[in-house]
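> What would the 3D arrangement of this be:
(chains A and B)
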Amino acid sequence: GQQVMQIPQYQHVQEGEDFTTYCNSSTTLSNIQWYKQRPGGHPVFLIQLVKSGEVKKQKRLTFQFGEAKKNSSLHITATQTTDVGTYFCAGDSKGAQKLVFGQGTRLTINP
Amino acid sequence: EAQVTQNPRYLITVTGKKLTVTCSQNMNHEYMSWYRQDPGLGLRQIYYSMNVEVTDKGDVPEGYKVSRKEKRNFPLILESPSPNQTSLYFCASSLMVASGKYEQYFGPGTRLTVT
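Residues are numbered from 1 along each chain as shown, chains lettered A, B, ... in the order given. Reported below is the predicted structural model:
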């Protein structure tokens, strides 16, 4: 079945440093989504990417969807302590909301 | 306030004792889903429902049942819980849209321990 691999599993940075997490699917995706889960919280939707090669920005966050629609990345510029949490990608290969989540990247920040 | 609610939030039970975790959403969403979250494995889908009386298996359905008799409710049933079902469970809901654009709203989670 479809698999979604996400790396790294953990990332510790100094506040102000950049952060990137990568997501790779075993199958071509209809769309990919990104979620953020704060410690002790629930996943919260960040964005959905649908088009090949799509790049979207939300303030300091930049999301990319690969040309082949099999990989994606999330880049945070100049991290802040509010960015702490686990970031998940979730791939939908059939466009039917059957999301397969990556293992997540847990981001911790040294203030 | 638009939200997904789950009850109970925490549950400790014993092997074999049937339990139900309730999930309710007030956003009139057609789609609802159950996930379990385990360390290092991300979220894995257990069951999902695209509308009332329409349910289907996700990736890890063994040992679980669901029902969707009303649009707002999607309970998760463990007929005979076992220790390997100890996990953090999330319910989620979203609209079904023809455009393919959607976002899933997650409940606060239910932490289940089976001894």
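
> centroid residue for chain B?
By Cα atoms, centre = their mean, chain B has its centre lying nearest to B:Trp34, at 2.6 Å.

> That one is in what secondary structure piece?
Assigned by DSSP states H and E, B:Trp34 falls within strand B:31-38.

> Settle this for me: A:Leu46 is touching A:Ile32, isn't it.
No: using Cβ atoms under 8 Å, A:Leu46 is not in contact with A:Ile32; the gap is 11.1 Å. To be clear about C-beta, it is placed using only N, CA and C from the backbone, and glycine gets the same treatment.

> Who has more neighbours out of those two?
A side-by-side neighbour count of A:Leu46 and A:Ile32, using other Cβ atoms under 10 Å in any protein chain shown, places A:Ile32 first with 28 against 18.

> Any idea what that one is bridged to?
Beta bridges link A:Ile32 to A:Leu49, A:Gly91, judged by DSSP bridges.

> Return the distance of the spatially closest residue to A:Lys51 that is not a sequence neighbour relative to chain B.
Nearest residue to A:Lys51, sequence neighbours excluded (Cβ to Cβ, 6 or more residues apart in numbering or on different chains): A:Phe65, at 6.8 Å. As judged by Cβ to the nearest Cβ, to the nearest Å, A:Phe65 and chain B stand 14 Å apart.

> List the contacts of A:Phe65.
A:32, A:49-55, A:71-72 (Cβ atoms under 8 Å, 6 or more residues apart in numbering or on different chains).
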